[in-house]
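In: Let me see the structure of the following:
(one chain, ligands or ions: 2)
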Amino acid sequence: MELDRMDENDWKYHGEGNKSLVVSHVQKCVLFHCMQWLNNINQTAEQAFRQIQNIVDFTSNVMSCLLGEKFVHSGEVVRLPLEFVRQLSIKIQHQRPAWRCDKVMDIYSGCALCLPNLTSPTLHQPTPTPPLCIEIKPKCGFLPSPKHVSKDIKTRVCRYCMHQHYKVANGKWKRRSLYCPLDLFSGNRQRMHFAIRHLIEEPQNNLKVFKGGQCIYSSKEGSDESPDTNSLLHHLRPYFLRGNNRVNGHMTTKAVLNDFIQVLGNALLSAAGGDGGQVTDRTGEGRSFCEASLFNRERIRHVHICRSQGLPTNNILSRILQTQMLDSLDIEGLYPLYCRVEQHLQDFPKDRTGLQIDGPYDQNFLEKVQKCSMEDDGSVEYAAAKVHQYRIAMTAKDCSIMVTLVPSGEEEDDDEEHSDRSSVEQAFSSSVSVLDLDPKPLDSVPRQLRLDQKIVSCYLRT
Ligand SMILES: O=P(O)(O)O[C@@H]1[C@@H](OP(=O)(O)O)[C@H](OP(=O)(O)O)[C@H](O)[C@H](OP(=O)(O)O)[C@H]1OP(=O)(O)O
Ligand SMILES: Nc1ncnc2c1ncn2[C@@H]1O[C@H](COP(=O)(O)OP(=O)(O)OP(=O)(O)O)[C@@H](O)[C@H]1O
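Out: Ligands and ions are numbered 1, 2, ... in the order given. Now for the predicted structure:
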């Protein structure tokens with residue numbers, strides 16, 4: 001790509017989050033993450049470059065080691081012509097969701113993060129059934145240890161399920177989602193199926209489906225209407241009309257949905273990097289069932305199911321969960337350590353660099369985090385390492401998984417000996433990546449504590 005000869009007409013709006021606005025190339029398999037700001041803060045181009053380089057370093061030197069490099073794309077910082085960025089921001093403005101427009105795209109620095117477009121149709125041959133890409137933001141998959149929390153409810157109901165009450169009370173979403181992350185991270189097929197079905201019913205910002213690079217299914221924040229599941233099923237039907245189902249050419253809507261969920265669940269369970277085989281089974285710890293999950297409420301009926309299975313150790317869900325569990329103290333146990341670091345930085349501002357509070361996110365940073373002692377010796381180094389661990393865990397709690405399902409060649413359809421189950425499993429090859437791995441700033445810690453208190457008191461009230 002010739003960065004000095006850019007044309008905004010080659011780019012289109014792709015999506016956005018809380019911090020970045022994403023534009024994709026109309027033909028090539030690349031996209032840019034442009035930063036967006038709440039206020040038009042006075043950041044120099046060099047500071048903007050440094051901030052994005054920090055994201056690249058954190059992704060490649062920290063998150064990639066913890067999650068598995070095969071799943072992670074770190075990207076690179078690019079400098080774009082300012083006029084191109086300005087024209088682009090004007091071009092895409094009308095496509096942005098209104099509720100994100102309190103943020104403005106950074107048109108001053110010219111810096112952006114360049115990544116492969118994981119939903120790009122141009123990666124594959126054009127066919128009537130282009131790859132399906134399913135983006136899942138799973139959120140936190142475990143309950144905190146009772147040692148560190150002041151409210152017993154936090155050890156019984158997961159943060160996501162409690163947060164749902166708070167979000168509905170504050171009008172962020174009109175309806176609660178019945179998805180529970182603890183079911184998705186269970187490794188138990190029935191629980192995972194249950195979780196994915198509820199993600200589809202109420203996707204909020206936890207599920208998006210792309211076909212041929214276009215987002216065909218997602219929630220609109222603040223909207224009264226649920227997304228159109230029938231339209232999703234209409235898109236999915238041709239992918240599942242194969243094997244035995246093709247014989248009579250008819251498939252019920254429920255069967256399409258079940259097959260889709262089964263294929264997605266399989267893709268998540270089979271995505272492993274490095275050595276595999278062992279099982280992470282947390283049922284014994286009592287931190288893997290959420291009382292608010294509908295599945296759990298039916299636990300007596302499902303008791304034989306609950307005892308079985310777990311995630312294979314090097315599975316992507318397992319690695320995300322292990323990284324989330326670096327938050328071993330809960331925000332309540334972590335906050336006093338954060339205060340120790342803050343106090344120290346006020347007294348000795350120059351130590352900010354040595355403690356690597358804002359990076360650099362290099363090998364040394366990762367070692368500090370991995371070698372952090374179990375015992376608090378009262379030092380600022382211990383406190384800083386625990387805060388670093390917490391911030392890494394926050395990133396893992398906020399990342400997204402992109403599952404790509406590529407329909408297999410037609411020849412597999414011809415084998416009518418296959419049962420429905422094996423044919424649907426063979427009908428796709430899959431790959432998995434993890435998105436949105438930027439570091440959370442130090443000042444997100446007090447915000448997290450305040451939010452935690454609001455979520456818990458709202459839940460206890462309702
Ligand atoms: O705190 P949470 O759990 O609400 O997570 C925030 C997300 O809200 P969610 O609950 O997923 O709708 C929030 O997502 P939305 O903007 O709601 O789509 C962001 O991902 C936010 O991260 P950051 O501050 O932009 O780095 C997330 O904030 P962090 O807590 O990860 O900093
Ligand atoms: N490499 C990619 N390939 C395809 N789509 C992507 C890619 N990166 C981001 N996206 C899309 O753009 C959206 C916004 O990106 P992202 O979640 O990284 O933004 P963010 O502002 O960092 O998010 P958050 O709100 O979690 O802070 C994603 O939800 C996803 O749909």
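In: switch to C-alpha atoms for all contacts and neighbour counts from now on
Out: OK.
In: Need the pLDDT of residue 450.
Out: For residue 450, the pLDDT comes out at 98.
In: what's the distance between it and residue 393?
Out: According to Cα to Cα, to the nearest Å, residue 450 stands 18 Å off from residue 393.
In: With residue 189 instead?
Out: Per Cα to Cα, residue 189 is found 25 Å from residue 393.
In: Which residue of those two possesses the greater neighbour count?
Out: The neighbour comparison of residue 189 against residue 393 (other Cα atoms under 10 Å) goes to residue 393, with 24 against 19.
In: would the more buried one count as being in a helix?
Out: Yes: under DSSP: H, G, I helix; E, B strand; the rest coil, residue 393 sits within a helix.
In: So it is in contact with residue 330, correct?
Out: No: using Cα atoms under 8 Å, residue 393 is not in contact with residue 330; the gap is 10.4 Å.
In: Can you show me the helices along the stretch 51-200 of the chain?
Out: Remark: helices assigned in the stretch 51-200 of the chain by DSSP state H, counting those that start in this stretch are 64-67, 82-92, 159-169, 181-184, 189-201.
In: Any idea which of those gets closest to residue 263?
Out: Nearest of the helices of the stretch 51-200 of the chain to residue 263, taken as Cα to Cα: helix 189-201 at 10.0 Å.
In: List the buried residues in the closest one.
Out: Applying a neighbour-count criterion of 16 or more other Cα atoms under 10 Å, one finds 189-197, 199-201 buried in helix 189-201.
In: Put together a markdown table for those residues, with distance to residue 114 and pLDDT on each row.
Out: Formatted as a markdown table, these follow (distance: Cα to Cα, whole Å; pLDDT from 0 to 100):
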| residue | distance to residue 114 | pLDDT |
| --- | --- | --- |
| 189 | 36 | 92 |
| 190 | 38 | 93 |
| 191 | 37 | 94 |
| 192 | 33 | 96 |
| 193 | 34 | 96 |
| 194 | 36 | 95 |
| 195 | 33 | 97 |
| 196 | 30 | 98 |
| 197 | 33 | 96 |
| 199 | 29 | 97 |
| 200 | 30 | 97 |
| 201 | 33 | 95 |
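In: Pretty sure residue 384 sits in a helix.
Out: Yes: per three-state DSSP, residue 384 lies within a helix segment.
In: pLDDT score for it?
Out: We have a pLDDT of 97 for residue 384.
In: what's the distance between the nearest residue to it once chain neighbours are set aside and ligand 2?
Out: With Cα to Cα, 6 or more residues apart in numbering as the criterion, residue 384 has its nearest non-adjacent residue at 6.1 Å, and that residue is residue 341. Distance, residue 341 to ligand 2, using Cα to the nearest ligand atom, to the nearest Å: 25 Å.
In: Equivalent analysis for residue 147, please.
Out: Applying Cα to the nearest ligand atom to residue 147 and ligand 2 gives a distance of 29 Å.
In: And for residue 152?
Out: For residue 152, the distance to ligand 2 - Cα to the nearest ligand atom - is 28 Å.
In: before we move on, what about residue 73?
Out: As judged by Cα to the nearest ligand atom, residue 73 and ligand 2 stand 8 Å apart.
In: How about residue 149?
Out: 26 Å.
In: how close does that residue sit to ligand 1?
Out: 17 Å.
In: again with residue 208
Out: 12 Å.
In: Now do the contacts for that residue.
Out: By Cα atoms under 8 Å, 6 or more residues apart in numbering, the residues touching residue 208 are 134-136, 215-219.
In: In the buried residues of helix 189-201, find the pair that's most separated.
Out: Using Cα to Cα, the two most remote members of the buried residues of helix 189-201 are 189 and 201, lying 18.3 Å apart.
In: Next, count neighbours for residue 70.
Out: Residues lying near residue 70 (other Cα under 10 Å) number 17.
In: for it, what are its contacts?
Out: Taking Cα under 8 Å, 6+ apart, one finds 273, 433 in contact with residue 70.
In: Am I right that residue 374 falls within a strand?
Out: No: in this structure, residue 374 is coil, not part of a strand, as judged by three-state DSSP.
In: mean confidence for stretch 216-234?
Out: Stretch 216-234 shows a mean pLDDT of 85.
In: And ligand 2, is that stretch touching that?
Out: No: Stretch 216-234 does not reach ligand 2 (Cα under 6 Å from any ligand atom); its nearest approach is 9.7 Å.
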